[in-house]
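Asks: Based on what follows, work out the 3D shape:
(3 chains)
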Amino acid sequence: MILNPGILALLFGSTIAFVMLLYAAGLGVKILSRWDPQSSSEEQLLLERKTYLVSTIVNFAFGFEILSGLLFIYTVEDIHRLFIGAMCATGALNANQIGWLALLIKIILFFAAALWVHFNRLDQRAEDTPLVRPKYLGLLLLTPLVGLDLFLQYSYFTGLQPEIITSCCGSLFSLGNDSVASELAGLPAKPTMLAFFLIAGSCLIIQTLCLASKKAIFRYLLFVNALALFFISMASIVSFISLYIYQMPTHHCPFDMLQQNYAFVGYPIYIGLFTGTLFGLIPGLSQPLKKIASLKREIDKYERRWLLLSFFGIVIFLLIVAWPILFGPFILLGY
Amino acid sequence: MISGKLKILEHALLSMGRRKQKNFAIIAVYTLTVATLASILFLTQSLRTEARNVLLDAPDLVVQRLAAGRHDLIPNHYAEKIGQLPGVGNVTPRIWGYYYDSLKKVNFTLMGIGPKERDLQLFSGELPKTAKQCALGNGIAKAYGVELGDSLVLVDSQNRTLLYEITGLFDHQSNLLTNDLILLTEPELRRFFNLPADRATDLAVQVYNQREIATLAKKIKYELPDTRPVGKTEILHTYDTVFNWRSGIMLTVFVSALIAFCILAWDKATGISAEEKREIGILKAIGWDTTDVLMLKFWEGLAVSLSSFLLGSSIAYLHIYFYGASVLTPVIQGWSVLFPEFQLTPAIDLYQIFVLAILTIVPYIACTVIPSWKSAITDPDSVMRS
Amino acid sequence: MAALIQTEALCKIYNRQRPDEVQALSEIDFTIEQGEVAVLKGPSGSGKTSLLSLIGGMTRPTSGSILLSGNDIAKLPERFLAGIRRKSFGFIFQQFNLLRDLSVRDNILLPLYPTELKTAEMQKRAGEILESLDLASKQKMKVRQLSGGEQQRAAIARALINRPQIIIADEPSAHLDSKLTEELLAILTRLKTEGKTIIIATHDPSIYQHELIDRSYLMHDGSLVEAEQL
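Replies: As a prediction, this is how the structure comes out:
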């Protein structure tokens, strides 16, 4: 166990978020079992008012999850010094098996919470709130995820033994290791780059098609494409994008770019990618809801905005990523 | 859209101003909580930074001799043996020891200065050249109330009282290391402690390639089994662990204070006055939705949090760096109570501020969620019925 | 032409299925056309205020329907009712219900904060209304520094800032002397000529006998007992 102020803040904050979500889930169960939009009873009115409380709690938890994701990375970055051989956050995450899992759950939680907040807003704009049931069922799934997040963080931090000699990012991502991360680093640069730019390009094309046409198929295509782009982008950041940013042929760390040394360039990269992906998923997920008249009106009103957000998110991501590849002095493919 | 929402923020600030007494109490306690937590964080952070700065100039590898599991003087000829290992640069035998002044009840470090050591940063004066001269750190000069040109009285191992002329003082801004340091010439120090001429306290080893330190340490241990090589990074991470641990423990203790504060915040947020309730009723009646009132309450909470946060961390900053952490030092420094007093150099990084913000703002906002909701669902027709 | 507001068999029971259950309204059929002025008469406790809250979308009926321009608002979720209150109604309360520590201008801007109007537009509207109600010189003053008549006019200004179609006034003359009541009636007459629809609950004869009233309803124990078109 390492006791560090950042760890304390993470565990303390996550506990608060989890307790609040448990409470919200309790309200959710009550709403699910007694919801009756046709009734004008005082109980129904109280349930309606409780939906505000649930929304507020989930909004709060969502906001906290974004901050805690950042804090998690900063903290891991901060404690890497305690591990002999760890040169950056990667080394500290590697110190036991749970580190990467905790990070993965945080990413999943980010998307899950964002989508919940999104569909909740959409639903509340419709007079008949048709999504009450799926929403609160979703809440019942979201809550254990927050609990899992807390549990994984706790296990990760308590399981840390500062004496353990860990590999730094140099050796974790060096080609001889057979962890997932090193497999990503070991992806051949040229085909990975090709795949990355192909999928990113097709994403932009599909987005343009979605903007121009109302056809459902384009939305579903965009959903699949955005998902694919997210994974291939993550792999690419480790595989070759990081190399261009650090201008070093062996430095594969996905976190160092968040630091001042690299002009915080990681922030626009990740913000672009996450925004682009999130809003790329939303039109596809909203498409089946167009069957409901009240929602169709709202979706039609906002869909353009989502598509544009997704488009510009990905464009920003691509521009920053492509810049050093096209104009930087570092040449990878020549090797 | 934006302008309307900003108007709600503006209204939140206005209505906070109108309820000064209520908000004053909460901001005062909040500020105190933030100041306490921030003091711990800032103090630990600057001790860490100090320690790291000290170690920046430290030798890559220090080799000590162990006899019966205890630190012992190391023969000088070990230095030659180590110096022959490939990858090793200079090997310097160092002479140093502790000196306890029972009158002032402080512990000093006495260090011998060989002919080679000329790179220490002096605030004023010069390094000692003769047996009757010394240079000292700021903390010692303060403890004795002496200045450049004065004399320092020390009692040697044969219980003789000796006078040394102060020829140099270390920098004010200097760190933990030089603060309690007295430099004498090496032969004088050997005589002072009555040390044999062929032995040193430890050996400072320079290593050309930083990645080779661990390997070299192993080799030295193999060649000279009665030695203990200690790497710079090892010391560094030990310091880090210790400081992290200490501040962690302190914070855990103070998190209970935080929880007490949260209870207060909850209580304050729940007990809204009849006047406030009437106002929310009016707002609801004239067309504000529950969401708008929740937004209003959120802005209010954020304004309280941010002002207390800024105020609290400024107080902590002053406390730590201008008033020498007077309240906390004895607790957190622990082992170094015997050190002379020293001034910390401000070292604050964004990470610490971020941690502090999460630690204090998140629970406060969480505490206000349910009370805010309770007041936001006030019946719009309550104004008509009263 | 369909009525602007039409209620059918409107019932409101407070604290239903509890010992303190109160039947505030039963089987109310109320109608008002665009541009008319209607008055609700009756002793206090007869349900005038409850009917105004229901019509104004402040609370939902236990049963029955409320058609506003043909759309039933009886079963709408609360957040839509808030939007309707904001867009269609202006309220003048018995107690004025102004925020006493805020300036006149800030008070009358309050209904606009949740809207998507630009700040410049808000200020423009406030300026016009303050001017027309002769409050321009008092706009920076706190409400508690105003006289009763000025508070009354500030309350009217707040009711008008969102340019509502319908004005709802609950006992507007309860705290006014006869001179101020005349002033109020003058303002209401002007609003009528501007095409506003006005519903007033009152037991003040100087109001319900005034020539501007088009319809008059008498309430007793939660029921409409008499309706006449003047």
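Asks: and the gap between the residue nearest to residue B:224 when sequence neighbours are not counted and chain C?
Replies: Leaving aside its chain neighbours, residue B:224 sits nearest to residue B:78 (5.9 Å; criterion: Cβ to Cβ, 6 or more residues apart in numbering or on different chains). C-beta: built from backbone N, CA, C; applies to glycine. Using Cβ to the nearest Cβ, to the nearest Å, we find residue B:78 at a distance of 79 Å from chain C.
Asks: In three-state terms, how would residue B:78 be classified?
Replies: What DSSP: H, G, I helix; E, B strand; the rest coil gives for residue B:78 is helix.
Asks: Kindly tell me how buried it is, as a neighbour count.
Replies: By other Cβ atoms under 10 Å in any protein chain shown, 22 other residues sit near residue B:78.
Asks: can you pull out the helices in chain B?
Replies: B:2-18, B:20-56, B:77-83, B:138-144, B:176-179, B:186-193, B:213-223, B:232-270, B:274-285, B:290-321, B:329-333, B:350-376, B:382-385 (DSSP state H).
Asks: Give me whichever of the ones you listed is most buried.
Replies: Here the criterion is mean neighbour count by mean count of other Cβ atoms under 10 Å in any protein chain shown, and of the helices of chain B the winner is helix B:176-179, at a mean of 22.
Asks: what mean pLDDT does it have?
Replies: For helix B:176-179, the mean per-residue pLDDT is 66.
Asks: can you check stretch B:108-115 too?
Replies: On average, stretch B:108-115 scores 78.
Asks: So which bits of that stretch are buried?
Replies: B:108, B:109, B:110, B:111, B:112, B:113 (16 or more other Cβ atoms under 10 Å in any protein chain shown).
Asks: Could you list the residues in contact with that stretch?
Replies: Residues outside stretch B:108-115 that contact it (Cβ atoms under 8 Å, 6 or more residues apart in numbering or on different chains): B:92, B:94-101, B:127-128, B:135, B:140, B:180-190, B:192-193, B:340.
Asks: Of these, keep whichever come out buried.
Replies: The neighbour count (16+ other Cβ under 10 Å) marks B:92, B:94-96, B:99, B:101, B:127-128, B:135, B:140, B:180-186, B:188-190, B:192-193, B:340 as buried among these.
Asks: gap between stretch B:147-159 and the chain center?
Replies: Distance of stretch B:147-159 from its chain centroid, counting by Cα atoms, centre = their mean, to the nearest Å, is 32 Å.
Asks: Report how far apart the opening and closing residues of that stretch are.
Replies: Start-to-end span of stretch B:147-159 (Cα to Cα, to the nearest Å) is 25 Å.
Asks: What residues of that stretch count as buried?
Replies: By 16+ other Cβ under 10 Å, the buried positions in stretch B:147-159 come out as B:152, B:154.
Asks: One more: stretch A:10-28?
Replies: Under the neighbour-count criterion of 16+ other Cβ under 10 Å, stretch A:10-28 has A:10-14, A:16-18, A:20-21, A:23-25, A:27-28 buried.
Asks: which residues in the stretch 151-300 of chain A form helices?
Replies: With DSSP state H, counting those that start in this stretch as the criterion, the stretch 151-300 of chain A has helices at A:169-172, A:180-185, A:189-212, A:216-236, A:242-246, A:266-286, A:293-327.
Asks: which bits of chain C sit near chain A?
Replies: Counting by Cβ under 8 Å from any Cβ of the partner chain, the positions of chain C adjacent to chain A are C:15-16, C:60-63, C:74-80.
Asks: Residue of chain B closest to chain A, please.
Replies: Going by Cβ to the nearest Cβ, chain A is nearest to residue B:248 of chain B, at 2.8 Å.
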